[in-house]
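Participant: any chance you can model this:
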Amino acid sequence: MIKDRIIVCGILCFLAAGAFFMVNVELPPWSHYLSGLNVILFAIPAFWATRRWLGRFDAALLWAILGIYALLIETSAIFTGFPYGHFGYSELLGFKLFGVTPWTVFLAWTPLILGAYAISRRLIGFMWVRIVAAAFIATAFDLVLDPGAVKLGFWQYHGSGGFYGVPLSNFVGWLITGAAGAAVIEVFLNYRRTLLPAPVQLASSALLSVFFWTAIAVFGQMFWPAAIGILILALAGVFWQRLHYRFDEMIVYVDEYGDPIATEAKSLVHHAETKLHLAFSIFLFNSKGELLLQQRAASKKTWPGVWSNSCCGHVMLHEATIDAARRRLKFELGLSGVDLIEMLPDFRYRAEKDGIVENEICPVFVGFTDAKPVPNPDEVGATKTVAWSDFLALARDPSSGISPWAREEAELLAADAGFRLRLEANTRR
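Facilitator: Just a heads-up that it's a prediction; the model follows:
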C-alpha cells in the first residue's frame, strides 16, 4: 500500500510539473508527438481496468466501439457544428485522419466516458438515471478540460465568449454524446455478460486527466475550471475509498464444469457453506529434491498457522491459471521466473476446519528453483525445506497437521509417473 501511494504521488507530481511547463513555456513544433504519447499513457490505466473487468477481447471490442463513435461525433461536429458547435483542431494533437480529426480522439474520449459511467453505475441502480448521470459527470470533466485545451491552442471554437472561450453549445453537446456513450456501454454489457461490479479503476484515466487539466487551470489562473476540478477530485477520493476493490480479492465461483458463474469478495467467500470456486496449488523443489513448505500466516481466515505446500491462491476472472500461479508466487514468496508445470489439472477438493470450508477446483503446479524465498508476512508465517520422502511421510500422518489439500495433492503426485520423472531429472545427485 505504501509503495502504491508513493507511485501515485510521483505520478501526480510529474503531471503537475508538466502542466506548469505547458502553461509557461511555448510548445515546440514537435509537441504533437508528445501529445500522442501522453494520450496513450493517460489511456493505459483505464484500458487495463477494462481488460480485468471484461477480459481481453471484450475490452478491446468496447474500446473500439467507443473510439470509433468518438471519431465520428468529432468529425460530424467539425463539418456540421452538431453537437458541440463549430470548432477546429490545431496540429498539436497529432496526425489528423483524412486531414480533419486527430487520431488521438479515439483514445482521449473513451477513458472519460468509461470513467463517468463507472462512477454512475456504482452509485445508481436505475439504468436511465445512470445514463443521465454519466452524461453529467462526463460534462463536468469537460468543464475542466476544455478551457485549458482552448487556452493552450489544442482546438478553437468559432467566435468568442462563453466559458473561458468555450461556448455553451459544447457542454450541451457533451451531455448528448455522454448520454449516448453511456447507452452504448449499457447495451454492450447487456449482450456481453460481466460477473464483476464496475471497478472504480475504470475512472483512473479520467481522474488523472482531470488532475492534469486542473493543474493547467491553476497555473493558467482560470478560477472556475480549477475550482470544479478540485471539487471533482475531492468527491472522487471519497468514491474511490468507499467502493474500490482489488481484482485479486474477487473470488470466482464456478459450476460443476468449472465455468465462471459469479464473483464475490474474498472476505465473504469462506464460511460453512463455501461455494465451489477457482484456485491453484504449487509445489516448489530445489535442486536437492527438497520441497519448500510454508506455514500459513496466523491472520488467515482459513487454516491459520497450518503448514502446507509451497504456495496456494485463487484465480482472477479472465486470468489464466498459470498466470495466477506466477502472480501469487511473487506476492507470497517474492519468487519470479520459476518455470511451472501443471501436473494435476483436474484436482478438486473440499475440506473443513473450525466451521470454515474450502471448496475448490485447484490445479496443481510443480516448479524447480534454488532461489531463496522472501516471504510476505501477511501471507506466510514461516518457510522450510524438507526431503520429498519426508514430506510424504508427514502427509500420511494424520497428526502431522499438514493441510488437507497438500496431503491429497502429495499422494496424487507421488503416484504420477510424469512427476517422478521430472523430479528425478531436476534433482542434483
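Participant: low-confidence ranges, the stretch 301-429 of the chain, go.
Facilitator: Scanning the stretch 301-429 of the chain for pLDDT under 70 picks out 428-429.
Participant: the strands in it, which residues?
Facilitator: Secondary structure of the stretch 301-429 of the chain (DSSP state E, counting those that start in this stretch): strands at 307-308, 311-314, 340-344, 348-353, 356-361, 364-368, 380-387.
Participant: secondary structure element for residue 261, which one?
Facilitator: According to DSSP states H and E, residue 261 maps onto strand 260-265.
Participant: mind listing what's buried along that strand?
Facilitator: Judged by neighbour count using 16 or more other Cβ atoms under 10 Å, the buried positions of strand 260-265 are 260, 263. Just so you know, the C-beta spots here come from the backbone N, C-alpha and C atoms, and that holds for glycine as well.
Participant: break this structure down into its domains, please.
Facilitator: Following automatic domain parsing, one gets these domains for the chain: 14-245, 249-425.
Participant: dump the residue contacts of the residue nearest to residue 289 when sequence neighbours are not counted.
Facilitator: Leaving out its chain neighbours, the residue that sits closest to residue 289 by Cβ to Cβ, 6 or more residues apart in numbering is residue 427, at 3.9 Å. Residue 427 makes contacts with 285, 287-289, as judged by Cβ atoms under 8 Å, 6 or more residues apart in numbering.
Participant: just the buried subset of those, please.
Facilitator: Restricting the contacts of residue 427 to buried positions leaves 285, 289, with burial counted as 16+ other Cβ under 10 Å.
Participant: looking at the contacts of residue 427, which are in helices?
Facilitator: Assignment to helices by DSSP state H places none of the contacts of residue 427 there.
Participant: closest to residue 406 among the contacts of residue 427?
Facilitator: Using Cβ to Cβ, residue 285 comes nearest to residue 406 of those, at 14.1 Å.
Participant: you'd agree the closest one is up against residue 426?
Facilitator: Yes - the pair residue 285 / residue 426 is scored as a contact, 6.7 Å apart, by Cβ atoms under 8 Å.
Participant: on that earlier part again, of the domains of the chain, give the one that comes closest to residue 6.
Facilitator: Residue 6 lies closest to domain 14-245 among those, at 12.6 Å (Cβ to Cβ).
Participant: how far does the closest one sit from its chain's centre?
Facilitator: Mean C-alpha position of domain 14-245 versus that of the full chain (Cα atoms, centre = their mean, to the nearest Å) differs by 19 Å.
Participant: start at 394, not 1
Facilitator: Got it, the first residue is 394 from now on, which makes the last one we talked about domain 407-638.
Participant: mind checking the pLDDT average for that domain?
Facilitator: The average pLDDT within domain 407-638 is 94.
Participant: dump the domains of the chain to TSV, plus distance to residue 398.
Facilitator: Below are those laid out as TSV (distance: least, Cβ to Cβ, whole Å):
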stretch	distance to residue 398
domain 407-638	13
domain 642-818	17
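Participant: spit out the contact partners of residue 509.
Facilitator: 527-528, 530-531, 534, 571, 575, 596, 599.
Participant: 10 Å instead, please
Facilitator: Neighbouring residues of residue 509 by Cβ atoms under 10 Å, 6 or more residues apart in numbering: 526-535, 567, 571, 574-575, 578, 595-596, 599.
Participant: show me where the protein has helices.
Facilitator: 395-417, 424-447, 449-473, 498-516, 520-545, 561-584, 597-612, 616-636, 659-662, 714-726, 781-788, 797-807, 810-818.
Participant: among the ones you listed, which comes closest to residue 591?
Facilitator: Of all the helices of the chain, it is helix 498-516 that lies closest to residue 591, at 4.3 Å by Cβ to Cβ.
Participant: and that closest one, which residues are buried?
Facilitator: Result for helix 498-516 [16+ other Cβ under 10 Å]: buried residues 498-515.
Participant: I'd assumed residue 515 was in contact with residue 591.
Facilitator: Yes - with contact taken as Cβ atoms under 10 Å, residue 591 and residue 515 are classed as touching, separated by 5.6 Å.
Participant: what residues do those two have in common as contacts?
Facilitator: Joint contacts of residue 591 and residue 515 (Cβ under 10 Å, 6+ apart) are residue 636.
Participant: that older thread, what is the mean pLDDT for the strand holding residue 654?
Facilitator: 97.
Participant: coming back round to it: identify whichever of the strands of the stretch 694-822 of the chain lies nearest to residue 439.
Facilitator: Distance to residue 439, taken as Cβ to Cβ, is lowest for strand 704-707 among those, at 24.8 Å.
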